[in-house]
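*Asks:* quick one, structure for this:
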Amino acid sequence: MAGCIVRCYGALKEKASSYFCFSKAALLMQGLFFSHGFVQLAFLSVMISLIEEISGKKILWYNAVVSTLVEGTSSILVSLMSYDKYGRMFPKTSILITQGIFLTGLLILWLTPSSNIRAIYLVLSLVTVGKAGVRYITFFLERQIMLEHDIDDKKILEDRTKFWKVIGLISGVGTAIGISRRPWKLKFMFSAIAMGIGYLSFCFGLIYYKSERKITNIMPVVSEDNQSRKSSQSWRHLKLLPLWIPFLAYYVVQTAGTTFFLKQIDVVQVDILVKNIKFLDPETCMILVRSFPGVLLRPILKRFSDKKYKLRAALTLGMVFNFCSCIASWHVEARRLHMFKKSGSNMNLFWLVPQFFLLGCAIELVGEGLEDFFSDLVPESKQELGFAFNRLVEGMGKFISVGFVLAFRNYWIGDTINKSRLDNYYRALAFLALGALFLFTYLSNTDGCTWEIDLEKSEEGDAAFPTDVEMDVLSTGNDGNLVSVRV
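*Replies:* Numbering: from 1, shown residues only. Got it, this is the predicted structure:
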């Protein structure tokens, strides 16, 4: 018995050691992760309510359009910034710039709230730039942990980085849950102060962060012949585009989940929630329900993400959940409208749980699996583009959903929930989601819509370091400056 306990303790200690390590850099950057976790749940997850608060307009279709435009612009900006290679070459500078902009946006949101729609775009665009900077923070933290502990194992390095990142984000999310019922003005103030402290903490750590002197990047200057050969093969990128058409429909449905689903909460009974959990806002409660499937499905998705056909099966299942979410919301809204018109009463909040839960399953399976799906289709040299490309598709899907809302504004989407026929709108989205499911199933099994991976890899392998190239080798000195050497 004692031997079994000792073995279990040893195994647990070994497992924990792969995730946890003390890091001064990680402690100094916790404030940044905390702020992003707080802002994500308190503001960005309830964008339509934030727009309604700032603009002062309680017009359903208008707030849905504005919030979706902001989210779409956000996705495209994140896509463009994720493609920025210099952010990885100069992570400290990138963090200082993006998080400084983020802090500026939060300060404006706190100190000068305005009903001017242009001001809303300005403020939320600044916040968006800061949101994109999370990738730079994560990359810089990973490098610091590697230097502090001399880690060569990539898996251990990623796990330890993720541990510290998750600690900060969860702390911010927990705080946002705790003050979810507080006034918006207090949330604006808290977010600005927390971000200010986190930013100062990061700046204070500039004297402690470790630097290295090693080759950090190699940039080949390829001859004109090699450039023309690579350009002639660029048409293969277009072969992947049809596979992403179904996901545009997926993001249209997801947009309904972040706008109309949330506004349905305003017209249901929330007495049970208010009496039993006084500190929890109903919108925050439903967002947590939407996030819960991630806890269940993420370990399974990770286990099979490296297997081509099982990954596609996961995406297909995610699109099935997307369709089921539309069906659930259609029937729930039809029942709610019937009750309201017949007796003037509304249903309980918990009737909305199925549509939020099913949408959460779809977000986890599709949203989290798209980057792995992209990586599975392209050569290794193109895999870094997966995040940027998928955010671009998300932004396009958001803009398409704006067109849907405007197209049905005079028919199914009115000024308020009770004056609208969202059940008909959800039914239309259900048919759209079903068509996207069939289209993805067909295209994912069609050879004509896949990259010629083996041929491309061999060609890129031959052209990676051709004989007629010159290379700029960038070396980072102890002072943090880059020195360029041509070889």
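*Asks:* every contact and neighbour count from this point should use C-alpha atoms.
*Replies:* Will do.
*Asks:* gap between Leu206 and Gly133?
*Replies:* Distance, Leu206 to Gly133, using C-alpha to C-alpha, to the nearest Å: 17 Å.
*Asks:* pick out whichever of the two has more residues nearby.
*Replies:* Set Leu206 next to Gly133 and count neighbours by other C-alpha atoms under 10 Å: Gly133 wins out with 24 against 12.
*Asks:* residues near Val393, how many?
*Replies:* There are 21 residues near Val393, going by other C-alpha under 10 Å.
*Asks:* what about the closest residue to it other than its chain neighbours, helix or strand, and which?
*Replies:* Excluding the flanking residues, the one nearest Val393 by C-alpha to C-alpha, 6 or more residues apart in numbering is Leu248, at 6.6 Å. Assessed by DSSP states H and E, Leu248 sits inside helix 241-258.
*Asks:* which other residues reach that helix?
*Replies:* Contacts with helix 241-258, where a contact means C-alpha atoms under 8 Å, 6 or more residues apart in numbering, come from 45-48, 68, 319, 322, 326, 356, 359, 363, 393-394, 396-398, 400-401, 429, 432-433, 436-437, 439-440, 443-444, 449.
*Asks:* report the backbone C-alpha coordinates of stretch 430-438 in CSV.
*Replies:* Output of stretch 430-438 as CSV, limited to C-alpha atoms (Å, rounded to 0.1, in the frame of the first residue of the first chain):
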residue,chain,number,x,y,z
ALA,A,430,-30.8,26.1,-39.7
PHE,A,431,-31.2,25.5,-43.5
LEU,A,432,-28.0,27.5,-44.1
ALA,A,433,-26.1,25.4,-41.5
LEU,A,434,-27.5,22.2,-43.0
GLY,A,435,-26.3,23.2,-46.4
ALA,A,436,-22.9,24.1,-45.1
LEU,A,437,-22.7,20.7,-43.4
PHE,A,438,-23.4,18.8,-46.6
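*Asks:* contact partners of it?
*Replies:* With C-alpha under 8 Å, 6+ apart, stretch 430-438 has contacts from 245-247, 249-250, 253, 316, 319-320, 322-324, 326-327.
*Asks:* can you do 6 Å?
*Replies:* Residues outside stretch 430-438 that contact it (C-alpha atoms under 6 Å, 6 or more residues apart in numbering): 246, 319, 323, 326.
*Asks:* out of those, list just those in helices.
*Replies:* Using DSSP state H, the subset of the contacts of stretch 430-438 located in helices is 246, 319, 323, 326.
*Asks:* from Phe140, how far off is Gly31?
*Replies:* Taken as C-alpha to C-alpha, the span from Gly31 to Phe140 is 15 Å.
*Asks:* err, Glu158, not the other one
*Replies:* As judged by C-alpha to C-alpha, Glu158 and Phe140 stand 12 Å apart.
*Asks:* of those two, give the one with the bigger neighbour count.
*Replies:* Neighbour count, other C-alpha under 10 Å: between Glu158 and Phe140, Phe140 has more, with 25 against 17.
*Asks:* the strands in the protein, which residues?
*Replies:* Using DSSP state E, the strands of the chain run over 215-222, 469-476, 482-486.
*Asks:* show me where the stretch 301-450 of the chain dips below the pLDDT cut-off.
*Replies:* Applying pLDDT under 70 to the stretch 301-450 of the chain flags residues 301-310, 378-384, 446-450.
*Asks:* all helices for it, in order.
*Replies:* Counting by DSSP state H, counting those that start in this stretch, the stretch 301-450 of the chain has these helices, from start to end: 308-343, 353-362, 370-377, 386-407, 422-443.
*Asks:* figure out which of those helices is closest to Arg298.
*Replies:* With respect to Arg298, and counting by C-alpha to C-alpha, the nearest of those is helix 353-362 at 9.9 Å.
*Asks:* name the helices or strands packed onto the closest one?
*Replies:* helix 282-304, helix 308-343 (3 or more C-alpha pairs under 6 Å, 6 or more residues apart in numbering; DSSP states H and E).
*Asks:* domains for this structure, by residue range?
*Replies:* As given by automatic domain parsing, the domain ranges for the chain are 22-211, 241-372+383-448.
*Asks:* what about the first one, start to end distance?
*Replies:* With C-alpha to C-alpha as the measure, the first residue of domain 22-211 is 18 Å from its last.
*Asks:* ok now the helix holding Leu248, how far from the chain's centre?
*Replies:* Centre-to-centre, helix 241-258 and its host chain are 14 Å apart (C-alpha atoms, centre = their mean, to the nearest Å).
*Asks:* likewise stretch 425-443?
*Replies:* Relative to the chain's own centre, stretch 425-443 is displaced by 23 Å; criterion: C-alpha atoms, centre = their mean.
*Asks:* for that stretch, which residues meet the burial criterion?
*Replies:* Buried residues in stretch 425-443, counted by 16 or more other C-alpha atoms under 10 Å: 425-427, 429-430, 432-434, 436-437, 439-441, 443.
*Asks:* any idea which of the residues you listed is closest to Leu288?
*Replies:* Tyr426 (22.0 Å).
*Asks:* that closest one is in contact with Trp330, isn't it?
*Replies:* Yes. With contact defined as C-alpha atoms under 6 Å, Tyr426 reaches Trp330; the gap is 5.0 Å.
*Asks:* residues in contact with stretch 280-300?
*Replies:* Residues from elsewhere that reach stretch 280-300 (C-alpha under 6 Å, 6+ apart): 180-181, 356-357, 360-361, 364.
*Asks:* 8 Å - rerun?
*Replies:* By C-alpha under 8 Å, 6+ apart, the residues outside stretch 280-300 that reach it are 41, 45-46, 177-181, 262, 265, 270, 273-274, 353, 356-361, 364-365.
*Asks:* just the buried ones from the residues you listed, in ChimeraX syntax?
*Replies:* One line in ChimeraX is enough to select the buried members of these, burial here meaning 16+ other C-alpha under 10 Å:
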select :41,45,46,177,179,180,181,262,265,270,273,353,356,357,358,359,360,361,364,365
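*Asks:* and Ile197, what pLDDT?
*Replies:* At Ile197, the pLDDT value in this model is 93.
*Asks:* burial measure for the residue lying closest to it once chain neighbours are set aside, as a count.
*Replies:* In space, Ile197 comes closest to Gly31 once its chain neighbours are excluded; the distance is 6.8 Å by C-alpha to C-alpha, 6+ apart. Using other C-alpha under 10 Å, Gly31 has 24 other residues around it.
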